[in-house]
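J.: Give me coordinates for this.
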Amino acid sequence: MLEVRNLSARYGAVRALQGVGLAVSEGEIVCIIGANGAGKTTLLNVISGVHPPQEGEISWQGRPLPVQRPERVVARGVVQVPEGRQVFAPLSVRENLELGAFLRWKKQRRQVEEDLERVFAMFPVLKKRQNQRAGTLSGGEQQMLALGRGLMAAPRLLLLDEPSLGLAPLVVREIFKAIHRLPEQGCAVLVVEQNAKVALKVSHRGYVMAGGRITLAGSARELAENPQVQEAFLGKKQKPRIQRAGDRA
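T.: Down below sits the predicted model:
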């Protein structure tokens, strides 16, 4: 569905992405893990049309995605849920969700109402608080709202930026339980996540980014068993090899 080839991007003189390539197929959850400053968020912003690419190609279902036209990217079925939730604090929970469907409101009103009920079924707390101001929700509830708002755009591919950031473990499990079910509903997922353990557990495949480049790629199991990934992201120290007499130097 999504194919990124030789993608590069800059912030002034700073090169944030260098020759990045990746793909997401229908029904997949694909994760991107890496340290702060690796270029993960920039990659999502370029795909979604928020930040301009310097070079490279992004294709969606065999056609180029519009550069720097986020509303057209959303209309094509690629929707980003940004880091830090970014809910509309003065508006109600329901109004935030309805805004997620702003491109569909006039022509698909009945479908929008059905999708709203699906979001409420996914996160019942949002239904209880639908008339409450979004800014008064807890961090976990705001993340549920941000995810629900993204789903209200009826995406075929959801781009998630750090959905577990700042959340308690119980809330993280609930969020990723919902993410795990999205491919069954016809929505593939590309998730950027510093919590490599939970990201690899829910994903089919993954990429590791460092310095604006893809440094490793493979199935989620392959990455979880990779010694470099284990030491850098999973907190597993590798045992030093003890050289025995007779071993070659």
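
J.: For the chain, which residues score under the pLDDT cut-off?
T.: 236-249 (pLDDT under 70).

J.: 50 instead?
T.: 242, 245, 248-249 (pLDDT under 50).

J.: Show me where it has its helices.
T.: Applying DSSP state H to the chain gives helices spanning 40-47, 70-75, 93-100, 109-122, 124-128, 139-151, 169-181, 196-202, 220-224, 227-233.

J.: out of the ones you listed, nearest to residue 33?
T.: helix 196-202 (4.5 Å; Cβ to Cβ). Any C-beta I mention is one placed from the backbone N, CA and C, and that applies to glycine too.

J.: Now do the buried residues in the closest one.
T.: 196, 198, 199, 200, 202 (16 or more other Cβ atoms under 10 Å).

J.: wait, which of the residues you listed is closest to residue 148?
T.: Within the buried residues of helix 196-202, the smallest distance to residue 148 is 18.0 Å, found for residue 202 (Cβ to Cβ).

J.: Please list all residues in contact with that closest one.
T.: By Cβ atoms under 8 Å, 6 or more residues apart in numbering, the residues touching residue 202 are 29, 31, 176, 179, 180, 191.

J.: tell me, what residue is most central in this structure?
T.: residue 160 (2.0 Å; Cα atoms, centre = their mean).

J.: ok, back up a step: can you add distance to residue 10 and give the helices of the chain back as a markdown table?
T.: Formatted as a markdown table, the helices of the chain follow (distance: least, Cβ to Cβ, whole Å):
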| stretch | distance to residue 10 |
| --- | --- |
| helix 40-47 | 9 |
| helix 70-75 | 19 |
| helix 93-100 | 30 |
| helix 109-122 | 37 |
| helix 124-128 | 38 |
| helix 139-151 | 27 |
| helix 169-181 | 31 |
| helix 196-202 | 27 |
| helix 220-224 | 28 |
| helix 227-233 | 26 |
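
J.: what about those helices, which gets the closest to residue 20?
T.: In terms of Cβ to Cβ, the element of the helices of the chain nearest to residue 20 is helix 40-47, at 6.1 Å.

J.: Residues touching the closest one, excluding its own?
T.: So helix 40-47 is contacted by 2, 4, 7, 9, 11, 16-17, 20, 32, 34, 51-53, 58, 65, 73, 78, 80, 83, 159, 161-162, 190, 192, 209, 212 (Cβ under 8 Å, 6+ apart).

J.: Distance-wise, check the nearest residue to residue 76 once chain neighbours are set aside relative to residue 1.
T.: Using Cβ to Cβ, 6 or more residues apart in numbering and skipping the chain neighbours, the partner closest in space to residue 76 is residue 60 (5.8 Å). Per Cβ to Cβ, to the nearest Å, residue 60 is found 7 Å from residue 1.

J.: Please apply the same query to residue 120.
T.: Taken as Cβ to Cβ, the span from residue 120 to residue 1 is 27 Å.

J.: picking up where we left off before, from the contacts of helix 40-47, which land in strands?
T.: Members of those lying in strands (criterion: DSSP state E): 2, 4, 7, 9, 11, 16-17, 20, 32, 58, 78, 80, 159, 161, 190, 192, 209.

J.: Mark which of these are buried, thanks.
T.: For the ones in strands among the contacts of helix 40-47, buried by 16+ other Cβ under 10 Å: 2, 4, 7, 9, 16-17, 20, 32, 58, 78, 80, 159, 161, 190, 192, 209.

J.: which of those residues lies closest to residue 223?
T.: residue 32 (10.9 Å).

J.: which residue sits closest to residue 66 in space, ignoring its chain neighbours?
T.: residue 72 (4.2 Å).

J.: OK, contacts around the residue nearest to the centre of the chain?
T.: 80, 81, 147, 150, 179, 189, 190, 191, 192, 193.
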